[in-house]
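A.B. asks: I'll drop the sequence and a predicted model, then ask my questions.
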Amino acid sequence: MIVDSRQGPWVRLKAVSATGCARCDAGEGCGGGLFAKLVRDGHQGLSLEDQAGDLKPGEHVVVGLEEGVFLRATLLTYAWPLLILLSLALAGGVLAWPDAWVATAALSGFALASGSVPWLRRRYLDRHLHPRVLRRVHPEQWLCQND
């Protein structure tokens, strides 16, 4: 992506090309083709906050999520409810509860943990789920252009 313009701490980014390369269009490259498709479908680019404050128009950048944020989101969404379900089932088994109570406790814990996921996501993950400028690159370093 290329820095198109700057307004205060915000930069406007545009796709490197209007079509992307063959690898990007096939979903195997850097993702420029996906962004180019969004631009073709009526979006006017992407505005991001320049956290370092030193990006200049014309610079090539790589945009993405912080490392590990996708794994944290996946663990929160899937592992957290299952961990609660298994913990309550194990606790009920250790305490020799009747099977119906164990099942009720485990399923109730699963429901409560699943219900808490949106709150936990807003509290701990939302600020990390926005695309960021990860690094600058020279135009000749674009992975999809070195086929």
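C.D. replies: Happy to help now that I have it.

A.B. asks: name the residue closest to the centre of this protein, please.
C.D. replies: Centroid-nearest residue in the chain, with Cα atoms, centre = their mean: Leu129, separated by 4.7 Å.

A.B. asks: and Arg136, how many neighbours?
C.D. replies: 15 (other Cβ atoms under 10 Å). Bear in mind the C-beta positions are built from the backbone N, C-alpha and C, glycine included.

A.B. asks: element containing Thr74, please.
C.D. replies: Element membership for Thr74, per DSSP states H and E: helix 69-74.

A.B. asks: ok, then the element right after that helix?
C.D. replies: Next along from helix 69-74, by DSSP H and E: helix 80-94.

A.B. asks: hmm, Leu134 and Leu48 touching each other?
C.D. replies: No. The pair Leu48 / Leu134 is not scored as a contact, 10.7 Å apart, by Cβ atoms under 8 Å.

A.B. asks: the more surrounded of these two?
C.D. replies: Higher neighbour count among Leu48 and Leu134: Leu48, with 20 against 13, using other Cβ under 10 Å.

A.B. asks: next one: the closest residue to Met1 other than its chain neighbours from Ala111, what distance?
C.D. replies: The shortest distance from Met1 to any non-neighbouring residue, by Cβ to Cβ, 6 or more residues apart in numbering, is to Leu13 (4.5 Å). Counting by Cβ to Cβ, to the nearest Å, the gap from Leu13 to Ala111 is 41 Å.

A.B. asks: so these two - more neighbours on which side?
C.D. replies: More crowded of Leu13 and Ala111, by other Cβ under 10 Å: Leu13, with 23 against 13.

A.B. asks: dump the residue contacts of that one.
C.D. replies: Residues in contact with Leu13 (Cβ atoms under 8 Å, 6 or more residues apart in numbering) are Met1, Ile2, Val3, Asp4, Gly45, Leu46, Ser47, Leu48, Val61, Val63.

A.B. asks: got the confidence number for the last one?
C.D. replies: When you say that, I think you mean Val63. Val63 carries a pLDDT value of 84.

A.B. asks: and the biggest helix by length in the chain, what's its mean pLDDT?
C.D. replies: Ordering each helix of the chain by length in residues (DSSP state H) puts helix 99-124 first. In this model, helix 99-124 has a mean pLDDT of 96.
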